[in-house]
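> Output the structure for:
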Amino acid sequence: MDLDYIVRISGPMLEGAWTTMLLFLIVIVLSIPLGFIVTLMAKSVIKPLQWLAHSYIYVMRGTPLLLQLLFFCFGLPQIPVIGQYLVMDRFAAATLGFVLNYGAYFAEIFRGGLLSIDKGQHEAAKVLGLSKWQTLRKVIIAQMFRVALPALANESITLVKDTALLYAVAVPELLYFAKTASNRDFTVTPFVVAGVIYLLMTLVLTLFFKTLERRFKFE
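This is a model prediction of the structure:
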């Protein structure tokens, strides 16, 4: 491979990688709390909240992420009457699609974590005089997070790779710049460089989550 050529195309591709990382950070920050809220709704004694949470999870997990991105980017403005008020920048629309999609998956991960906690934990916390909020914060969430952490790590790494779907809605991210350079210069080198950048991002995430897992394992 021509090192000078790699250096020349690295600027635009790193710019695209920044878009990828920005999307990842926004989605993680918003979708994890959303997933936890949806999990609490699904376990609520209020039936409409249960129905709403289960319907949301079913729709978001039962349809392709690409279809959802196309809907939020191009479908929302076509809705009669209110469509004109739902026009968004494509990055913002795609981010909304990612947040809602991953919120549903994280909700299922948290549900599995909650199901793994023995009901006796609630009774023990009650005996110790803890309020429901204290029990949730100090006992339930801590144990749930420990159980859910490996699944959260896998889903987060999948998110890095799924960001490539931005290319389908014409948002200039890493794959977009790789494809542009490849078509212009008739070489697969940009795709190789893009692959290396994706691998580096997933490597950093993998090391981060392994550190977290070790910490929670020995606490």
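> How about the residue nearest the centre of the chain: what's its closest non-neighbour residue?
By Cα atoms, centre = their mean, the chain has its centre lying nearest to residue 102, at 4.5 Å. Leaving aside its sequence neighbours, residue 102 sits nearest to residue 31 (Cβ to Cβ, 6 or more residues apart in numbering; 4.0 Å). Placement of C-beta: from N, CA and C, glycine included.
> Now for that neighbour: which residues touch it?
98, 99, 100, 101, 102, 103, 106 (Cβ atoms under 8 Å, 6 or more residues apart in numbering).
> For the residue nearest to the third one when sequence neighbours are not counted, give me its contacts.
Pointing back at residue 100 there. The spatial neighbour of residue 100 that comes closest, neighbours along the chain excluded (Cβ to Cβ, 6+ apart), is residue 60 at 5.8 Å. Counting by Cβ under 8 Å, 6+ apart, residue 60 makes contact with 68, 100, 101, 103, 104, 105.
> Now do the buried residues in the helix or strand hosting residue 60.
Element membership for residue 60, per DSSP states H and E: helix 47-62. Residues of helix 47-62 classed as buried by neighbour count (16 or more other Cβ atoms under 10 Å): 53, 56, 57, 60.
> Same check on stretch 9-20?
Under the neighbour-count criterion of 16+ other Cβ under 10 Å, stretch 9-20 has 9, 12, 13, 16, 17, 19, 20 buried.
> I figured residue 95 hits residue 26, correct?
Yes. Look at residue 95 against residue 26 with Cβ atoms under 8 Å: they come within range, at 5.6 Å.
> If you count surrounding residues, which of the two has more?
More crowded of residue 95 and residue 26, by other Cβ atoms under 10 Å: residue 95, with 21 against 16.
> could you list every residue that touches that one?
23, 26, 27.
> the longest helix in this structure is where?
Scanning the chain for the longest helix, with DSSP state H as the assignment, gives helix 3-42.
> Between helix 47-62 and that helix, find me the angle.
Orientation of helix 3-42 against helix 47-62 (axes from the mean of the first three to the mean of the last three Cα atoms, to 10 degrees) gives an angle of 150 degrees.
> Pull the number of nearby residues for residue 29.
By other Cβ under 10 Å, 11 other residues sit near residue 29.
> any idea how far residue 152 lies from residue 108?
Residue 152 sits 11 Å away from residue 108, going by Cβ to Cβ, to the nearest Å.
> how much does the helix or strand residue 93 falls within deviate in direction from helix 3-42?
Element membership for residue 93, per DSSP H and E: helix 90-115. In terms of direction (the same axes, to 10 degrees), helix 90-115 departs from helix 3-42 by 50 degrees.
> pLDDT score for residue 172?
The model reports residue 172 with a pLDDT of 86.
> low pLDDT regions in this protein?
In the predicted model of the chain, residues 1, 120-134, 136-138, 217-219 satisfy pLDDT under 70.
> switch to 80 and redo it
1-2, 115-143, 215-219 (pLDDT under 80).
> now the residue nearest to residue 100: how far from residue 30?
The gap separating residue 60 from residue 30 is 14 Å, by Cβ to Cβ.
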